[in-house]
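*Asks:* Please find the sequence and the predicted model below.
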Amino acid sequence: MSLFKARDWWSVTLGEGEEFDRGCLCVGDVDNGSSGYDKIVVGSYMGLLRIYTPHPSKPGGTLQPEEQLLEVQLKDPIIQVEVGKFVSCSDLLHLAVLHPKKISLYSVAATAGNVEHGVQYQLRLVYEHNLQRIACNMTYGPFGGVTGHHSICIQSMDGMLMFFEQESYSFGRFLPGFLLPGPLAYCARTDTFITVSSSRQVECYKYQTLAVATDADTRQESEQQKIGSGKRLLADWTLIIGEQALEICIPTSNHSASSIFLLGERNIYCLKDNGQVRFVKKLEYNPSCFLPYASVSEGTVNSLVGNHNNMLLVYQDVTLKWAAQLSHVPVAVRVANFQDLKGAVVMLSSEGHLHCVYMGTDPSLFQAPKVEAREINYEEMDLEMKELQKVIRETTKTQDILPKADKEDDLTITPSVSDTMDPISQASISEMGGLLIPSVTVKIKIKSRLAVRNPKLTVCVQPPLAVSQEQFVLDSMDPGSSSTVVFSAFLKQEYPPAELGGDVAFSYSTPTGVPRVAQCQFSLPLRLVCYPSSPSKNANYKLTIDTNKPPVNLLEVFPDFVEKSEDEIVNALGFQLIAGSRVTLLASKTSQRYRIQCEAFEDLWLVTKELVRRFEKQFAKQGVKDFRCSFTGPIPLQEYFEMVDRHFELRLNADRYQNLLSERAVQFRAIQRRLLTRFKDKTPAPLQNLDTLMEGTYRQVSVGLPSFHFALVLIHSSLSAT
């Protein structure tokens, strides 16, 4: 093992396909435990919030069940997580979770359990604020010099700073000359906010200046500050650095009494509280994250810097003190104190690799024992050999019996999808666009080696696909028994699906009361969403796929879409999507290329994915291991961006319909109240055409509802395509 390599103390991989960034990691005593040790809080862009307390049995150990305190799926993506005193009536630490359109404050509480999984942790919502603008990042601290509690400042994507004092919203201010959001930090020593603008200069604003500046809820109002009354928002000081900043960090230790650290694209800047430069360290690599922390030397500050070369560097001011090799590129780094390790370096990569490491060398405590020379007693050796041979014989007799129980799983779930469509379709609607909608039968077989109590099975497929029944409540199962669940899958809405897969979750309880969950996946046939058709020669959108193997007869790849013929090689196929256009697949007779063409760009994906999947399956059966598919043409970004623009226009259109329906509904209820008042009056009065107005409003609502429903269908279709 190399000396200059970070020592893994604890690690875990968070999910599959999730994304993380700088604000998704924080450490702190979020559950306010009696020990006071830090916990690791991780949030992802997929909305998953996890809390860990590492205490491995040996260095480099993997995740144990009791080390994961909590895992909660939230509705919105998580941009940033922080731990602080955010509740006015409590001195305990709470968790702040920033979403794009809201910020939520949670408390993490522990509840003693009475089964084998021990203490249970719960996430309770204390309060939340809905944001009128899309958030970018946040910072917190004792704004205005308040002690004992923390306030929150959120920076929006359009340059507005929104201030929250615990449960209430204080005010909002637009930053002058704003174009793109940058990193934001709060300095408690000077009660100021430091950020880096898109003009590549450091700007510092005092909290008092922000509080007394002219209030602005819109950017137009902030622009009118230049000619209207009230105080303009001016920076306390600025410093041009000539590059974009990645992070801003303000250490709180006594040794760094007046230090503000900025991580640029090529430099590390250390500034004083008044904006003067203390030092600049030029970097010869692309940094990914950094963290200044207290140094043992008086008047210096240490910095941890991660880069895109899988390295973690330790600087004391501008001097490199240590370099350690990492297994992944970190996007966030923190220093935490755990029960078994003080000062552990916690790192998170963009793919979800969470590591707790330490640097240095491991001392060798092994000492070779002294060799004692003694005479060999052959009689004792013969007796020992006979005893060992006896143990080996006994072990050989039982080794074919004992391990078999360990090889079998406690519970197995086996999905089975029918090769043919149902003779009588189970679809909720019989036809779509003049084509009959087929259905296919899926069987799920559950086999248990142990007793199962309160079993429930849930089936999930992505829209526009649907199943005949999503929830199944089964009877308790005895050891060695099995159960089968049968349902049908079909197309329900008028747009093609993005994928043909489905998920099955089987939840149950063991005889001791411990809840368990088992999962499996199944794939639906392409025949479920399209029919064979004649291929077309011309199309607006074309996609060419290259392979490294000789051309394949399409009859062998798509036997369910071609009638079998012995004297003919099929080089062209047509697929008519039930909720889409016609897709044509062409195979070259001389080269190793295949072309997929269609009139709609979004309809190419389903057939392309199915073609690659069937190629891989066929060549795998033939024992080919080096099969590859490639696309050498230009990436169709223009077509993709056109689809994104169309989706955006559809959302704007749906919002217009929704606003119009809301206005007409409010008007309709107001007319109803007035008519009811007139009818209850003892002295009749003329209706003043209220009945005519009510009839016209009702007609507008009746016409607007189908239009709004159709707009939602178009949005779902566009979302599935992108």
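*Replies:* Received, thanks.
*Asks:* Beyond the helix or strand bottoming out on mean pLDDT in the chain, next helix or strand please.
*Replies:* Using mean pLDDT, DSSP states H and E, the weakest-scoring helix or strand in the chain turns out to be helix 404-407, at a mean of 40. Moving toward the C-terminus from helix 404-407, the next helix or strand (DSSP states H and E) is strand 411-417.
*Asks:* Residue 659 in helix, strand or coil?
*Replies:* For residue 659, the assignment made with DSSP: H, G, I helix; E, B strand; the rest coil gives helix.
*Asks:* cool, residue 502 as well?
*Replies:* strand.
*Asks:* Can you get me the start-to-end distance on stretch 590-601?
*Replies:* Separation of the first and last residues of stretch 590-601 by Cα to Cα, to the nearest Å is 27 Å.
*Asks:* tell me which residues of it are tucked away?
*Replies:* Neighbour counts over stretch 590-601 (16 or more other Cβ atoms under 10 Å) mark 594, 596, 597, 598, 600, 601 as buried. The C-beta positions use only the backbone N, C-alpha and C, and glycine is treated the same way.
*Asks:* can you give me how far it is from the chain middle?
*Replies:* Remark: stretch 590-601 is offset 34 Å from the chain centroid, using Cα atoms, centre = their mean, to the nearest Å.
*Asks:* likewise stretch 168-183?
*Replies:* Centroid separation between stretch 168-183 and its chain, computed with Cα atoms, centre = their mean, is 27 Å.
*Asks:* ok, and for that stretch, which residues are buried?
*Replies:* For stretch 168-183, the buried set under the neighbour-count rule, 16+ other Cβ under 10 Å, comprises 170, 171, 172, 173, 174, 175, 176, 178, 181, 182, 183.
*Asks:* could the residues you listed go into CSV alongside pLDDT, distance to residue 260 and secondary structure?
*Replies:* Output for those, formatted as CSV (pLDDT from 0 to 100; distance: Cβ to Cβ, whole Å; DSSP: H, G, I helix; E, B strand; the rest coil):
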residue, pLDDT, distance to residue 260, secondary structure
170, 91, 24, strand
171, 90, 25, strand
172, 92, 25, strand
173, 92, 21, strand
174, 92, 23, strand
175, 92, 18, coil
176, 90, 21, coil
178, 89, 21, coil
181, 93, 19, coil
182, 93, 14, coil
183, 95, 12, coil
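*Asks:* could the residues you listed be laid out in a markdown table, adding distance to residue 143?
*Replies:* Shown next, in a markdown table, are these (distance: Cβ to Cβ, whole Å):
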| residue | distance to residue 143 |
| --- | --- |
| 170 | 8 |
| 171 | 11 |
| 172 | 14 |
| 173 | 13 |
| 174 | 18 |
| 175 | 16 |
| 176 | 20 |
| 178 | 21 |
| 181 | 20 |
| 182 | 20 |
| 183 | 18 |
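*Asks:* Which member of these is positioned nearest residue 263?
*Replies:* Looking at the buried residues of stretch 168-183 and their distance to residue 263, the nearest is residue 183, at 8.4 Å (Cβ to Cβ).
*Asks:* so where is the chain shaky, pLDDT-wise?
*Replies:* 1-3, 60-62, 113-118, 215-231, 253-257, 361-374, 397-409, 563-569, 713-722 (pLDDT under 70).
*Asks:* Which parts of it are helices?
*Replies:* Along the chain, the stretches classed as helices by DSSP state H are 207-212, 219-223, 378-398, 404-407, 554-557, 604-621, 637-680, 690-721.
*Asks:* you'd agree residue 67 is up against residue 50?
*Replies:* No - with contact defined as Cβ atoms under 8 Å, residue 67 does not count as touching residue 50 (10.8 Å).
*Asks:* between these two, who's got more neighbours?
*Replies:* More neighbours surround residue 50 than the other of residue 67 and residue 50, with 19 against 16 (other Cβ atoms under 10 Å).
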